[in-house]
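Visitor: model this:
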Amino acid sequence: MGRLTRPRAEQAPEELRSSAEWTSKIATFFSDSSAYWDDVYSSHTVKAHVYRNRMAVAAEWATAATGPGAVAADIGTGAGHFAVFLARRGVRVAAIDASEAMIARVAENASEAGVGDLVVPIVSDAQRLELGSATCDLVAAIGLLSWVEHPELALAEMARVTRPGGQVIVTMDNAWSLSRWLDPGWHVSVRRFIHRIRQITVKHRVAELPVQLPVPMALGEFRNLLCSAGLEPVKFQSVGFGPFTFLGRTVLTNRIGLRIDQVLQRLADHLVPWLRHFAIFHVAVAVKRPESGAASP
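Guide: Numbering: from 1, shown residues only. Predicted coordinates for the structure are as follows:
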C-alpha cells in the first residue's frame, strides 16, 4: 500500500500545531481504555447494541460502495473492527488512529481474522493524514468527528484522500439526542459544576477532568460541515435511543433499555420520522465532488 504515502512537501497548518496537545490527550484517553473499546461491540449492553447498529448502517453502505481490490481508509479505527470487516471483502485498508495502543489491537485483530495482509495499521492524527491525495475509493470515520478539536480539518483531510466520485462514510454525535438531554451529566457546564463541588467537599484531592466530552452537532450543522469539505451528502441515517442514564449511571435495566431503544428506532425508521432528530448518532454517506475545472465525461 505504498502509494498511500503522503507527499512530504505538504505542511500542517498552524492550527494543527496548536491542537497537538488535544490530540495527544484524546489518544491517551483511548489508549488507557483500549481493552474496553475492543470488547464493547461484543457485549450485551444497550450501548453495545447501539454501536453495533451504527456500524451495521456504515457496513451496508460500504458494501454497496466497495469490492475486492478497492482501497479504503478507516480513520479513528479504534480496535479495527470496521477495517477488518472491509478487509474480509477483499478491500485494502489503511487503519488509522492516534492511539498506539489501539493500533496494536488493530494488528492483532486483523491477524486473528486472517486479513493481516490487507490491513495496514498507521498511527496518525486525523487532522493530518499520512496518505496521498485521491488514493482511496472509500473513507470511513465511525465515532471520530465528535472527538477531534477541528472536525472541519479532519473532514477536509478525508475529502483530500478520497478520489473524485469516491464515498465518505462518517458519524456524528447528535446535539439533540433525547437520552443525553435527559442526563445533566452530558451538559459540559453541569459536569464542570459537579466536579467543582467534589473538589470542594471531598477531603482527598480530586483529579482534573480527564477529557472533554464528545462535541455533538445538529443535523443541519453536520450537513453544512460535509458540504464545506467538498462532499455531497447522499443519505443520512439516525441511530440509537439509549442507554438512558443519570449522571452517567444507567437508570433502566438492560432488558428494558434494549426494548425501549428497539421500539424508538423502529418508530423513527418507519412510522414517526421526526423521532430521527432525537437519536444519539447521525450517520452520513457523501460523495466527493469532481475536482473543480475537471472536464465532463
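Visitor: for the closest residue to Ser228 other than its chain neighbours, what are its contacts?
Guide: Leaving aside its sequence neighbours, Ser228 sits nearest to Glu152 (CB to CB, 6 or more residues apart in numbering; 6.4 Å). In this view, the C-beta of every residue, glycine as well, is placed from N, C-alpha and C. Shown in contact with Glu152 (CB atoms under 8 Å, 6 or more residues apart in numbering): Leu225, Ser228, Ala229.
Visitor: Repeat that for Tyr51.
Guide: Val40, Tyr41, Gly143.
Visitor: could I get the residues you listed as CSV with distance to Val161 and pLDDT?
Guide: Output for the contacts of Tyr51, formatted as CSV (distance: CB to CB, whole Å; pLDDT from 0 to 100):
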residue, distance to Val161, pLDDT
Val40, 27, 75
Tyr41, 26, 78
Gly143, 19, 93
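Visitor: Between the contacts of Glu152, which sits nearest Phe85?
Guide: Ala229 (24.4 Å; CB to CB).
Visitor: Just give the nearest non-adjacent residue to the closest one, would you?
Guide: Nearest to Ala229 is Leu155, by CB to CB, 6+ apart, at 4.0 Å.
Visitor: Which strand or helix spans that neighbour?
Guide: helix 151-161 (DSSP states H and E).
Visitor: Arg180 belongs to a helix, doesn't it?
Guide: Yes - judged by DSSP: H, G, I helix; E, B strand; the rest coil, Arg180 forms part of a helix.
Visitor: residue contacts, it?
Guide: Counted by CB under 8 Å, 6+ apart, Arg180 has contacts Asn174, Trp186, Pro216, Ile280.
Visitor: now the helices for the stretch 101-250 of the chain?
Guide: Counting by DSSP state H, counting those that start in this stretch, the stretch 101-250 of the chain has helices at residues 151-161, 178-181, 188-201, 219-228.
Visitor: average pLDDT for the first one?
Guide: What that stands for is helix 151-161. Taken as a whole, helix 151-161 has a mean pLDDT of 96.
Visitor: same thing with the third one?
Guide: Confidence for helix 188-201, expressed as mean pLDDT, is 63.
Visitor: quick one, what contacts Phe222?
Guide: Applying CB under 8 Å, 6+ apart to Phe222 gives the contacts Met172, His282, Ala284.
Visitor: quick one: Asn254 from Trp181, how far?
Guide: Distance, Asn254 to Trp181, using CB to CB, to the nearest Å: 22 Å.
Visitor: Neighbour count for those two, which is higher?
Guide: Taking other CB atoms under 10 Å, Asn254 and Trp181 do not tie; Asn254 has more neighbours (17 against 13).
Visitor: ok, the residue nearest the centre of the chain to Asp137 distance?
Guide: Most central residue of the chain, judged by C-alpha distance to the mean C-alpha position with CA atoms, centre = their mean, is Gly143 at 1.9 Å. Counting by CB to CB, the gap from Gly143 to Asp137 is 21 Å.
Visitor: got any ranges where the stretch 151-297 of the chain has weak pLDDT?
Guide: Along the stretch 151-297 of the chain, segments meeting pLDDT under 70 span 187-213, 292-297.
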